[in-house]
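Trainee: how would this look folded up:
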Amino acid sequence: MKFMIVTFTLSIAVLLILNLLLLKFICCKETKLDKVQKKTVSIKREITIPQESEPLSPTGS
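Mentor: Residues are numbered from 1 along each chain as shown. Sure thing, here's the model as predicted:
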């Protein structure tokens, strides 16, 4: 019974440490990408809407 508890505790501890290490390395990569992507580029476009020269004809119901 004691062996099972020790094995379970060690397994949980190893998984927890592995999870924390992966979390640390993933977060580091994410912050480096944010620094590169902070440059903003603004693109301005002029939109022209053609005006209708002929009025619409009335429709009967």
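
Trainee: if I look at residue 11, how far off is residue 5?
Mentor: From residue 11 across to residue 5, the span is 11 Å (Cβ to Cβ, to the nearest Å). C-beta coordinates here come from the backbone N, C-alpha and C atoms, glycine included.

Trainee: Next, show the common contact partners of the two.
Mentor: Residues touching both residue 11 and residue 5 do not exist when contact is defined as Cβ atoms under 8 Å, 6 or more residues apart in numbering.

Trainee: Show me where this structure has its helices.
Mentor: All helices of the chain, identified by DSSP state H, fall at 2-36.

Trainee: Show the low-confidence segments of it, by residue range.
Mentor: 28-41, 52-53, 55, 61 (pLDDT under 70).

Trainee: try 90 this time
Mentor: For the chain, residues meeting the criterion pLDDT under 90 lie at 1-2, 22-61.

Trainee: distance from the centroid: which residue in it tops it?
Mentor: Most distant from the centre of the chain: residue 60, at 53.0 Å, with distances by Cα atoms, centre = their mean.

Trainee: and that residue, what does it touch?
Mentor: Counted by Cβ under 8 Å, 6+ apart, residue 60 has zero contacts.

Trainee: where does it sit relative to residue 22, distance-wise?
Mentor: Distance, residue 60 to residue 22, using Cβ to Cβ: 71 Å.

Trainee: now do residue 10
Mentor: Residue 10 is 19 Å from residue 22, by Cβ to Cβ.

Trainee: How about residue 51?
Mentor: Applying Cβ to Cβ, the value for residue 51 to residue 22 is 60 Å.
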